[in-house]
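Q: No letters, just coordinates:
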């Protein structure tokens, strides 16, 4: 049976996480059950689950094992029985088994899980990633936005360094279609260097040699999608997204990062124009553009072994109404929220949207989202099978 969480419950969750008050209580109490802001009502605290679990392990054990795996300083762990699979060593498989034991039967196998931590740090980013139990294969790409100079809110290298190096990934990007400092390959490589990405990993512009065409199955707008020609050089993709507003899409998160973000310069124009132009990104119909983003994202997910070779992390900090493609974005007027991760991009973006709508200071970002009909991207993405708007939110903080 479909369980839904109302505006009030989302706000109550955010209150518990951040200590914020609930200004929407009166409005939320009368909210109809079919509101489009509802989400799945299975919010699980891993700490609470650990306290209730019939287990010899605690959330503290999980944190210590995580820190050991990423070479962080830990107390003396001698005598700890952390080799859960009895293979003679402590590794990520033991971490996953311990997490499963702590969660017990509290999560459903039929509904995607979104993991969340309110702490924004390299350690917490690693925790969110490890919680996914994702096993990338082959050559691994880490897709992110390099950020438009001079002052955009891109994910800083010091935040993502540990997880990028843990997966031994190459950071990848594509050129823009609207001018600026990242519209040509040479300038874009310089931006990547200036912003510190080349210091932490290898870096590649995927479309420096043109485009690769991916088929779009069951799309209502697109039949093909244009990504960077080097897209196929990688077997697995970790998508690191800075969640924020966007002047054209309303918001930017995981879906935008695998559609517009992985689109070549030609592909960006193709999506913006609703499949009408490879050279001109301007003048397309808004809802057609939103549908095209969802369909382009679906083509990427389908190509990567039906989504098995791609995973997603959204960082909800510096929540400006403007995208990282804006070199001088509006200053954020709401607090940071946390880091969320999932193997379902629709569930992940929906969880972030719910947290924004539940925040007492989210009015400006909500206005930006609604002014561009941004939630329609999620609706169409679910309709075509990219993912689910229902989710289980597992809180990782102790």
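A: Looks like it came in fine. Since the model is a prediction, treat every value here as computed from it, not as a measurement. Residues are numbered from 1 along each chain as shown.
Q: switch to C-alpha atoms for all contacts and neighbour counts from now on
A: Will do.
Q: got any ranges where the chain has weak pLDDT?
A: Within the chain, the set of residues satisfying pLDDT under 70 comprises 1-41, 398.
Q: hey, where'd the helices end up in it?
A: Remark: helices of the chain, listed N- to C-terminal, are 7-18, 25-29, 46-52, 59-69, 92-103, 122-131, 157-166, 185-194, 254-258, 265-272, 286-303, 345-358, 363-371, 375-383; assignment by DSSP state H.
Q: between the ones you listed, which gets nearest to residue 201?
A: Taking CA to CA as the measure, the helices of the chain were each checked against residue 201, and helix 157-166 came out nearest at 7.0 Å.
Q: Residue 333 - how many residues pack around it?
A: Here the neighbour count serves as a burial measure; for residue 333 (other CA atoms under 10 Å) it reads 15.
Q: ok, it touching residue 361?
A: Yes: using CA atoms under 8 Å, residue 333 is in contact with residue 361, at 7.1 Å.
Q: among the helices of the chain, which is the most enclosed?
A: The highest mean neighbour count among these belongs to helix 265-272 (a mean of 28), with neighbours defined as mean count of other CA atoms under 10 Å.
Q: ok now it, how far from the chain's centre?
A: The gap between where helix 265-272 is centred and where its chain is centred comes out at 21 Å by CA atoms, centre = their mean, to the nearest Å.
Q: Output the contacting helices and strands for that helix.
A: Contacts defined by 3 or more CA pairs under 8 Å, 6 or more residues apart in numbering; DSSP states H and E place helix 265-272 against strand 224-228, helix 286-303.
Q: Tell me which of those sits nearest to residue 248.
A: Distances from residue 248 to each of the helices and strands packed on helix 265-272 were compared using CA to CA; the minimum, 8.1 Å, belongs to helix 286-303.
Q: Just want the angle from that closest one to helix 375-383.
A: 40 degrees (axes from the mean of the first three to the mean of the last three CA atoms, to 10 degrees).
Q: about what we covered before: turn the helices and strands packed on helix 265-272 into CSV, columns for distance to residue 316.
A: Formatted as CSV, those follow (distance: least, CA to CA, whole Å):
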stretch, distance to residue 316
strand 224-228, 26
helix 286-303, 21
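Q: wait, which of these is closest to residue 167?
A: Closest approach to residue 167 among the helices and strands packed on helix 265-272 is made by helix 286-303 (19.3 Å; CA to CA).
Q: From the opening residue of stretch 110-127 to its closing one, how far?
A: Terminal residues of stretch 110-127 are spaced 23 Å apart (CA to CA, to the nearest Å).
Q: Quick check: residue 91 vs residue 68, distance?
A: Separation of residue 91 from residue 68 (CA to CA): 9 Å.
Q: Then residue 247?
A: Summarising the geometry, the distance separating residue 247 from residue 68, computed by CA to CA, is 42 Å.
Q: residue contacts, the spatially closest residue to residue 160 that is not a sequence neighbour?
A: Excluding its sequence neighbours, the residue lying closest to residue 160 (CA to CA, 6 or more residues apart in numbering) is residue 122, at 6.1 Å. Neighbouring residues of residue 122 by CA atoms under 8 Å, 6 or more residues apart in numbering: 158, 159, 160, 161, 162, 163.
Q: ok, and the closest non-adjacent residue to the last one?
A: So that's residue 163. Of all residues beyond its chain neighbours, the one nearest residue 163 is residue 126 (5.7 Å), with distances taken as CA to CA, 6+ apart.
Q: Next: residue 173.
A: Ranked by CA to CA, 6+ apart and with sequence neighbours excluded, the top spatial neighbour of residue 173 is residue 205, at 5.0 Å.
Q: ok, how many other residues are close to the one you found?
A: Should you count by other CA under 10 Å, residue 205 turns out to have 22 residues around it.
Q: Next: the one 4 residues further on.
A: Using other CA under 10 Å, the number of residues around residue 209 comes to 12.
Q: mind listing what it touches?
A: Under the criterion of CA under 8 Å, 6+ apart, the neighbours of residue 209 are 228, 229, 230.
Q: same thing with residue 100?
A: With CA under 8 Å, 6+ apart, residue 100 has no contacts at all.
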